[in-house]
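>>> below are the sequence and a predicted model for it; my questions follow.
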Amino acid sequence: MRIARLCSFLLFAGFAVAAQAKMVEKPVEWTQDGTTFHSVLIYNDAVATKRPGLVMVPNWYGVNDLAIKKAEMIAGKEYVILLTDMYGAKTRPANDDEARAAIKPLYGDRVLMRKRANMALDQLKAQAKAAPVDLTKLAAIGFCFGGTAVLDLARSGADVAAVVSFHGGLQTDDPALAKNIKARVLVMNGADDKGTMPDADKFMDEMRATKADWQFVVLGNAVHCFTETDQHSTGCAYDERAAKRSYRMMQDWLHGAFSGTP
């Protein structure tokens, strides 16, 4: 009977701990050049130990419920993620036209894009005072527009271990900036992505001129948006196989970068 009671107690205690542990979604705000940004820090508080911190820049719809859900999935118990607002708190695109308008100023001013991405990195570092961020293990990941943004973060010379771009834009305003890259760079695009793949050769030439550790992975039969579960159009569609493969490659890439191994 004592053993049965002990087992029941331990089972109850386990459920209690599980009930208390949850994904934290903490608002993080800052002001830059008169614009207030509203981002979200995401991590699982079931783990008390410090873990790598990731700046995550979502697709052109910015910070929304789907982006938060994706950030929670990636963070798990392994990462602390700052889901980054690149537009400002007052800009939350609700459709493609609004999203296109939101990214236009940043594509038109890549200096501004790099400045905002670097501010996000600084804000992630600042969260280490209260969240379990390991400041020796920092990286950035981005999706679609966000992939462009994190590549520009790398080009700025940001001190991060790795940068991972999913179906992101490959173009740059200044190929010479690639010489500043300190991060290990992993770029994954769909073979049939008609929006980004025309720039593939120029991107690889840009990277060949650097000493960076980089990989450019082309995922067969995938188009743009292959990790975006809500996208199902002809040229922008979720692809479960490509998504799973790319997430696995991201994990391997980040683990290698943080551990200093190939």
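Happy to help now that I have it. Numbering: from 1, shown residues only.
>>> next, the buried residues of the host helix or strand of A117.
Using DSSP states H and E, A117 sits in helix 110-126. For helix 110-126, the neighbour count (16 or more other C-beta atoms under 10 Å) marks 110, 112-114, 116-121, 123-125 as buried. No exception for glycine: its C-beta is placed from N, CA and C like everyone else's.
>>> what's the answer for stretch 123-141, then?
Of the residues in stretch 123-141, Q123, L124, K125, Q127, A131, P132, V133, K137, L138, A139, A140, I141 count as buried by neighbour count, 16+ other C-beta under 10 Å.
>>> next: stretch 224-237.
H224, C225, F226, T227, E228, Q231, C236, A237.
>>> spatially nearest residue to the fourth one (excluding sequence neighbours)?
Right, T227. In space, and not counting its chain neighbours, T227 is closest to A243: 4.5 Å by C-beta to C-beta, 6 or more residues apart in numbering.
>>> which strands and helices sit next to the host helix or strand of that neighbour?
Using DSSP H and E, A243 falls within helix 240-259. Applying 3 or more C-beta pairs under 8 Å, 6 or more residues apart in numbering; DSSP states H and E, one finds that helix 240-259 contacts strand 51-57, strand 133-143, strand 162-166, strand 184-190, strand 214-219.
>>> just these: most buried one?
Comparing these by mean neighbour count (mean count of other C-beta atoms under 10 Å), strand 162-166 ranks first with a mean of 29.
>>> returning to that earlier point: tell me what the helix holding A117 is packed against?
By 3+ C-beta pairs under 8 Å, 6+ apart, helix 110-126 packs against strand 23-32, strand 35-44, strand 51-57, strand 80-83, helix 96-108, strand 133-143, helix 145-155.
>>> now it: average pLDDT?
Averaging pLDDT along helix 110-126 yields 98.
>>> can you check what angle separates that helix from strand 51-57?
Interaxial angle, helix 110-126 versus strand 51-57 (axes from the mean of the first three to the mean of the last three C-alpha atoms, to 10 degrees): 150 degrees.
>>> what's in contact with helix 110-126?
With contacts defined as C-beta atoms under 8 Å, 6 or more residues apart in numbering, helix 110-126 is touched by 28, 30, 32, 37, 39, 41, 53-55, 57, 80, 82, 84, 86, 105-107, 133, 135, 138, 140, 148-150, 152-153, 155-156, 158, 160, 172-174.
>>> now with 6 Å?
Contacts to helix 110-126, defined as C-beta atoms under 6 Å, 6 or more residues apart in numbering, come from residues 28, 30, 32, 53, 55, 82, 84, 86, 106, 149, 152-153, 156, 158, 173.
>>> what's the angle from it to strand 35-44?
Helix 110-126 runs at 40 degrees relative to strand 35-44, counting by the same axes, to 10 degrees.
>>> helix 110-126: how far from the chain's middle?
Taking C-alpha atoms, centre = their mean, to the nearest Å, one finds helix 110-126 lying 13 Å from the centre of the chain it belongs to.
>>> tell me, how many residues neighbour K104?
10 (other C-beta atoms under 10 Å).
>>> meant to ask about K22, not that
10.
>>> so how far is P132 from the residue nearest to it when sequence neighbours are not counted?
Spatial nearest neighbour of K22, chain neighbours left out: D45 (6.3 Å); criterion: C-beta to C-beta, 6+ apart. According to C-beta to C-beta, to the nearest Å, D45 stands 8 Å off from P132.
>>> what's the answer for K244, then?
Per C-beta to C-beta, K244 is found 27 Å from P132.
>>> also Q171?
Relative to P132, and taking C-beta to C-beta, Q171 is found at 36 Å.
>>> below-threshold pLDDT in the stretch 1-150 of the chain: ranges please.
1-21 (pLDDT under 70).
>>> cutoff 90 now
Applying pLDDT under 90 to the stretch 1-150 of the chain flags residues 1-22, 47-48.
>>> do I have it right that A102 meets A94?
No - using C-beta atoms under 6 Å, A102 makes no contact with A94, being 10.5 Å away.
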